[in-house]
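Asker: What follows is a predicted protein model with its sequence.
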Amino acid sequence: MRLVILDGHADNPGDLSWDDFKAFADVTVYPRTAQCDVVSRVADAEAVFINKVVITEEILGALPNLRYIGVCATGYNVVDIEACRKRGIIVTNIPAYSTNAVAQHVFALITYFTNHVALHNESVHKGEWISSPDFVYWKSPLTELAGKTLGILGYGSIGSKVAEIARAFGMNVICNTRTPKPDMPEHVTKEELFSRSDFLTLHAPLTNQTQNIINRTSLSLMKKSAILINTARGGFVVEEELAAALREGTIAGYAADVILHEPMDKDCPLLGCPNCVLTPHIAWAPKETRQRLMEIALENFRAWISGKPVNVVS
């Protein structure tokens, strides 16, 4: 059996190993693959792993031997699922592998705004503490998280982990989700979520209901002191309207690990925006997290070969 990994660099830039997969298939790894090269690289392979490479119905039509697509991520919108179903192609994903890492990143972004560690570190290394007449100074107001309200949109594995950490900080937690459960924090309407949150973090799936949910109208409901956090999907945000809100002071800040088009376009409205912190989609990328992803990917592949596929989305 031939297995082709089309964009292996994202999951494994060289600090991990694909060797375990070689026990089950003849493996070819490409660090990156342009869309125009997908068909020629997969050719007669029966199985393919992807992360962000898009598999369309047209591509599937040119790959009659393909029987398995392993998405090395939780989201699988890069695959035409309906076209796979028609062809009997099994598609699997990697659920819940990055929960701890993403929740950790959420609070790295939150504390960027509350503690301003980067700002003060830069100040100290510029000599400003040396020249200070006092033993203490601060360049920007500092904020204590205890007692603040954290709003969570979506309450799956990551949302619930974020809530757990928030409670450890002494925060009040409210949430909005499609399927409320008895043991979750206070469930509120979307309007209440926007209006009551001091910090609002997004963890819902990208659907017709959540796409562009961050827009001029929803932002106008938020406190001027509020911070918005997005480690989920860039498609939640109407970037032009968010950029305008940041410039106008409608909200105090935005921090995100995702944007609408990745890698970033040079004309992205958020580039250079005031009080806007952006990281290049790294919340899921600690080595331990990627190792877990590859272990689950291997188990998915092994289960499919054995005729008992798991984590199936098609």
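Answerer: Nice, thanks for sending it over. Just so we're clear, the structure is a prediction, and the values are computed from it rather than from any experiment.

Asker: does Trp284 really touch Ser98, like I thought?
Answerer: Yes - look at Trp284 against Ser98 with Cβ atoms under 8 Å: they come within range, at 4.1 Å. Glycine gets a C-beta too; all of them are placed from N, C-alpha and C.

Asker: ok, these two, which is more surrounded?
Answerer: Ser98 (24 against 21; other Cβ atoms under 10 Å).

Asker: quick one: contacts for that one?
Answerer: By Cβ atoms under 8 Å, 6 or more residues apart in numbering, the contact list for Ser98 reads 74, 158, 283-284, 289, 292-293.

Asker: again, only this time at 10 Å
Answerer: Ser98 is in contact with 73-74, 104-105, 157-158, 231, 283-286, 289-290, 292-293, counting by Cβ atoms under 10 Å, 6 or more residues apart in numbering.

Asker: Which phi and psi values does Glu164 adopt?
Answerer: Here is the backbone geometry of Glu164 (degrees, to the nearest 10): phi -60, psi -50.

Asker: quick one, what contacts Asn176?
Answerer: Asn176 makes contact with 151-155, 159, 186-194, 200, 204, according to Cβ under 10 Å, 6+ apart.

Asker: Buried only: go through those for me.
Answerer: Those of those that meet the buried threshold are 151-155, 159, 188, 193-194, 200, 204, by 16 or more other Cβ atoms under 10 Å.

Asker: before we move on, the earlier item: what do Trp284 and Ser98 both touch?
Answerer: Shared contacts of Trp284 and Ser98, defined by Cβ under 10 Å, 6+ apart, are found at 73-74, 105, 231, 290, 293.

Asker: So Asp19 is in contact with Val27, correct?
Answerer: Yes - with contact defined as Cβ atoms under 10 Å, Asp19 reaches Val27; the gap is 8.8 Å.

Asker: Now do the strands in the stretch 101-250 of the chain.
Answerer: 149-153, 172-176, 186-187, 199-202, 227-230 (DSSP state E, counting those that start in this stretch).

Asker: Out of those strands, which is closest to Ser314?
Answerer: strand 199-202 (25.9 Å; Cβ to Cβ).

Asker: May I have the closest one exported as PDB, CA atoms only?
Answerer: Only the C-alpha atoms of strand 199-202 are listed here, as PDB (Å, rounded to 0.1, in the frame of the first residue of the first chain):
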ATOM      1  CA  PHE A 199     -12.900  38.700  28.100                       C
ATOM      2  CA  LEU A 200     -14.600  36.800  25.300                       C
ATOM      3  CA  THR A 201     -13.000  33.700  23.800                       C
ATOM      4  CA  LEU A 202     -14.300  31.800  20.800                       C
END
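
Asker: if you count what's nearby, which of Asp19 and Val27 comes out ahead?
Answerer: Val27 (20 against 8).

Asker: what pLDDT, on average, does the helix or strand where that one lies get?
Answerer: Element membership for Val27 (DSSP states H and E) is strand 26-29. For strand 26-29, mean pLDDT is 98.

Asker: can you check stretch 93-113 too?
Answerer: Average pLDDT, stretch 93-113: 97.

Asker: That stretch: which residues count as buried?
Answerer: Judged by neighbour count using 16+ other Cβ under 10 Å, the buried positions of stretch 93-113 are 93-94, 97-110, 112-113.

Asker: Tell me, how many residues neighbour Asn121?
Answerer: Asn121: 10 surrounding residues under other Cβ under 10 Å.

Asker: Out of the shared contacts of Trp284 and Ser98, who's the most crowded?
Answerer: Counting neighbours by other Cβ under 10 Å, Thr231 leads these with 26 neighbours.

Asker: residues contacting that residue?
Answerer: 98, 101-103, 105-106, 108-109, 158, 162, 201-203, 255-258, 279, 281-284.

Asker: Spatially central residue in this structure, please.
Answerer: Note on the chain: the residue nearest the mean C-alpha position is Ala232, at 3.9 Å, using Cα atoms, centre = their mean.

Asker: Grab the nearest non-local neighbour of it.
Answerer: Leu202 (4.7 Å; Cβ to Cβ, 6 or more residues apart in numbering).

Asker: Now the phi/psi pair for the most far-flung residue of the chain relative to its centre, please.
Answerer: The centre of the chain is farthest from one residue, Pro133, which by Cα atoms, centre = their mean lies 43.8 Å away. The phi/psi pair for Pro133 (degrees, to the nearest 10) reads phi -80, psi -10.
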